[in-house]
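Participant: after the sequence you'll find the predicted model.
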Amino acid sequence: MGTDKKMGTKWQKTKYRGVRYRKHPTRKHGVKYDQYFSIRYQVDGERMEEGFGWASEGKTAEGAFNRLCELKENAKKCQGPSRLSEQREQNKEEKRLAKVNEMTFNTFFSDTYLPQAKDNKSHNSYRNEKSMYKKWICPVIGDKPLKKVSPLDLERIKKNMSVKNLSPRSIQYCLAVIRQVFNLARILNLYEKDNPVSKIKKPSVDNRRMRFLTKDEANHLLNALKVRSQQVHDVSLISLRCGLRAGEIFNLKWKDLLIDKGLITVRDTKTSKNRKGYMTQDVKEMFDELKRGQPEEYIFKDNKGKPQREISKTFDRVINDLNLNKGISDRRDKVVFHTLRHTYASWLVENGTDLYTVKELLGHSTIAMTERYSHLGQNTMQDAVKNLEKFLNTESKTSNQIPKRVT
């Protein structure tokens, strides 16, 4: 019969063909020693033997024989699993699908999506998405299984936000969060249908900020910030002179600076691509005055010594003190920290820098994002045409007279 080296017992026949068992050397099941059953058969000319299970787990020789007959019938009909291993995988997949079918939006968001967002997104993005979910998404679809969330549910979320007079941009952002959740579920094979957000009409909105500071406004702002907070002044100067986003500034480490060459390595950007930033003289001097830390040390830290994650309220207070937003109701025209980056780009275009160069300096993923500044270069383009006209007029005076047409 053969002896199993691990168990130290011999295989023994049963009255069922293709089924045998061995006894456990010590463990008993009832008054008898526990028995482990296996089945033997051929598949495509290959001899197979697979374990069926222990008597203590409810397995019997008759049950093993019945399963063996099922596998042989499946192999004969070329339909269904023809091996125990295949059947176990099928059962495992069926259990997984059953679990998927029961998984609620809240379970997937809390256990899978949110932890990934925390690891892969900025602190502000993670916090905003978590808040958006708690206030608007969860009350409508939190308890619904993923597969049962419908476009009608998403229309309810849109309506709820509209009734509370939330901006079209906020509604867009909410739908974007939901879209990302379903995209991740599809990647993990937990959702197979089309993303329900794709069937929703998104509110149209032009949320682009068009206001930028004059040189006098910018100087007044920097001077006022320096009186209130040197660090807020410094991060504002970097954005205004180098065009960096707030998150890009907070991610700066001392290893990212080549002050003598005026270069900044901007890492982990919004577009996931590193780029170079270029210092003006006053930015170089500002960095020179800071106490230099270790290469891996963050440059800007909060009061607890941790990397700074958001702009201090001091910035908003100074903006209010200078009345830069006085009488302005449209949020797109209000001065916020991002206005400094917008001002940087606007000044570049006004001074004749081409849009492609501006795109590269800002780290935009497409030129379309930079084209919002194109209207600021109208004078430059007009001057270019005038210079061309001047060149043509000069050329015509020095050239030979055009001969008359021969008739």
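Facilitator: Ah, there it is. Residues are numbered from 1 along each chain as shown.
Participant: hey, where'd the helices end up in the stretch 51-200 of the chain?
Facilitator: Counting by DSSP state H, counting those that start in this stretch, the segments of the stretch 51-200 of the chain that form helices are 61-77, 84-102, 105-108, 114-120, 123-132, 138-141, 151-163, 168-187.
Participant: following the lowest-mean-pLDDT helix or strand in the chain, which helix or strand shows up next?
Facilitator: Least confident helix or strand, the chain: strand 3-4 with a mean of 50, by mean pLDDT, DSSP states H and E. Elements were assigned by DSSP states H and E; along the chain past strand 3-4, the next helix or strand is strand 9-10.
Participant: just after that following strand, pick out the following helix or strand.
Facilitator: strand 12-13.
Participant: which strands and helices sit next to that next one?
Facilitator: Strand 12-13 is packed against strand 19-29, with contacts defined by 3 or more C-beta pairs under 8 Å, 6 or more residues apart in numbering; DSSP states H and E. Every C-beta, even on glycine, is put in place using the N, C-alpha and C of the backbone.
Participant: and the helix or strand that the strand it packs on is followed by, what does it pack against?
Facilitator: If you walk from strand 19-29 toward the C-terminus, the next helix or strand you reach (DSSP H and E) is strand 32-43. If you count contacts as 3+ C-beta pairs under 8 Å, 6+ apart, strand 32-43 packs onto strand 19-29, strand 46-54, helix 61-77.
Participant: what residues are up against residue 139?
Facilitator: Applying C-beta atoms under 8 Å, 6 or more residues apart in numbering, we find residue 139 in contact with residue 160.
Participant: one more: residue 199?
Facilitator: Listed by C-beta under 8 Å, 6+ apart, the contact set of residue 199 reads residue 151.
Participant: how much space separates it from residue 116?
Facilitator: In this structure, residue 199 lies at 25 Å from residue 116, with C-beta to C-beta, to the nearest Å as the measure.
Participant: residue 194 too?
Facilitator: Residue 194 sits at a distance of 22 Å from residue 116 (criterion: C-beta to C-beta).
Participant: can you check residue 131 too?
Facilitator: Relative to residue 116, residue 131 is positioned 17 Å away (C-beta to C-beta).
Participant: please apply the same query to residue 15.
Facilitator: With the distance defined as C-beta to C-beta, residue 15 ends up 56 Å from residue 116.
Participant: more neighbours, these two?
Facilitator: Neighbours were tallied for residue 15 and for residue 116 using other C-beta atoms under 10 Å; the higher tally belongs to residue 116 (12 against 8).
Participant: and the residue nearest to the more buried one when sequence neighbours are not counted, what does it touch?
Facilitator: Nearest residue to residue 116, sequence neighbours excluded (C-beta to C-beta, 6 or more residues apart in numbering): residue 184, at 6.9 Å. For residue 184, the contacting residues are 112, 113, 116, by C-beta under 8 Å, 6+ apart.
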